[in-house]
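# Make a model of this:
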Amino acid sequence: MSEPLLAIHDLQLSFPVFQGEVHALNRVSITVHRGEIVGVVGESGSGKSVTAMLAMRLLPANSYRINGGSVRLLGADALNASEKEMCRLRGAKVAMIFQEPMTALNPTRRIGQLMTEVIRQHQRLSAREAQQKAIALLTEMQIADAPQVMKRYPFELSGGMRQRVMIALAFSCEPELIIADEPTTALDVTVQRQVLRLLKQKARASGTAVLFISHDMAVVSQLCDRLYVMYAGAVIESGKTQQVIARPAHPYSVGLLRCAPEASEPRAELPAIPGTVPNLTALPTGCAFRERCFAADEQCRQTPTLSPCGGEQQLAACWHPQREQRHV
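From the prediction side, this is the model:
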């Protein structure tokens, strides 16, 4: 297999705080190959967005400390590349779709201005050609009357339309990789499904790879080829999406799937994983999930490593991997 577009290996990152450090990433390894759609799923605070922001070098300078590991983005050493080198990659080769488009779209600029500026920044097109390309991209995103939408400001559009504009922007320069950081979280279920379908169709048609971040197992099951499950800043399970969904090995993955509303009976109380995510300034020894785990015992006071757990390419960092098969 060719070199991954994104290769994060054994990454350790912390944020210095008063009287200590927040250990946000603890030996994270993630790869995304050309044409793949790869999911990263976990609760808030698991390190998903920090991983994505670091890969794009969008974390504020001097706000974090790298304690080990590497990040290679399209063959470049992303941790040591200059800002000029990163600017050449961002937009043209690697694009990002943010969770809340209103924080990413300039509220004082019309949609047409935003899109044509991005296109002309990275491609040698005239103003007229850039405008035509922007209209074509909006039309592909099933936005009716795209020429009129080009004249509007972001606040004049609905949340679903703004997110479609963000997807169109991400694809505008034909990148090799798109990082989507929970792009459907703020949308209702119907619009969410439409946006996911458009993202998947456009990615498959263009051959663009996608790293898709979410807290929702149901969402990633519809979209992703492979899946990484993160907890307390570490990858605790990985594998082909349908394998992980059908036969989750780590008790945390089992808990996430049991908590899905689709898995519960009507009017029944939704199950929940007991407890809370551990304090990242003072992680417990051994398995970070053991205080919340139904399968924990004394062996879990030792730190498990990602190991094969039955399925092809499926790995889990657990001393007692589960064997329960789910119907999907």
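# Tell me which helix or strand in this protein has the weakest average pLDDT.
The helix or strand of the chain with the poorest confidence is helix 101-104; it has a mean of 80 (mean pLDDT, DSSP states H and E).
# what mean pLDDT would you report for the helix or strand that that helix is followed by?
Counting by DSSP states H and E, the next helix or strand C-terminal to helix 101-104 is helix 111-122. Across helix 111-122, the average pLDDT comes to 91.
# can you give me the strands for this structure?
Along the chain, counting by DSSP state E, strands occupy 6-17, 20-32, 37-41, 65-73, 76-77, 94-97, 177-181, 209-214, 226-231, 234-240, 307-308, 315-316.
# what would those look like in a markdown table with mean neighbour count and distance to R162?
Backbone N, C-alpha and C define where each C-beta goes, glycine included. As requested, the strands of the chain are exported to a markdown table (neighbours: other Cβ atoms under 10 Å; distance: least, Cβ to Cβ, whole Å):
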| stretch | mean neighbour count | distance to R162 |
| --- | --- | --- |
| strand 6-17 | 18 | 26 |
| strand 20-32 | 21 | 26 |
| strand 37-41 | 26 | 22 |
| strand 65-73 | 17 | 27 |
| strand 76-77 | 14 | 31 |
| strand 94-97 | 25 | 11 |
| strand 177-181 | 25 | 14 |
| strand 209-214 | 26 | 18 |
| strand 226-231 | 26 | 27 |
| strand 234-240 | 24 | 31 |
| strand 307-308 | 12 | 43 |
| strand 315-316 | 26 | 37 |
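# how about these, which one is nearest H122?
strand 94-97 (9.9 Å; Cβ to Cβ).
# Check which helices and strands that closest one sits against.
Counting contacts by 3 or more Cβ pairs under 8 Å, 6 or more residues apart in numbering; DSSP states H and E, strand 94-97 packs against helix 159-171, strand 177-181.
# what's the closest of those to I273?
Smallest distance to I273 across these (Cβ to Cβ): 22.7 Å, for strand 177-181.
# and R301, what does it touch?
Counting by Cβ atoms under 8 Å, 6 or more residues apart in numbering, R301 touches 285-287, 290.
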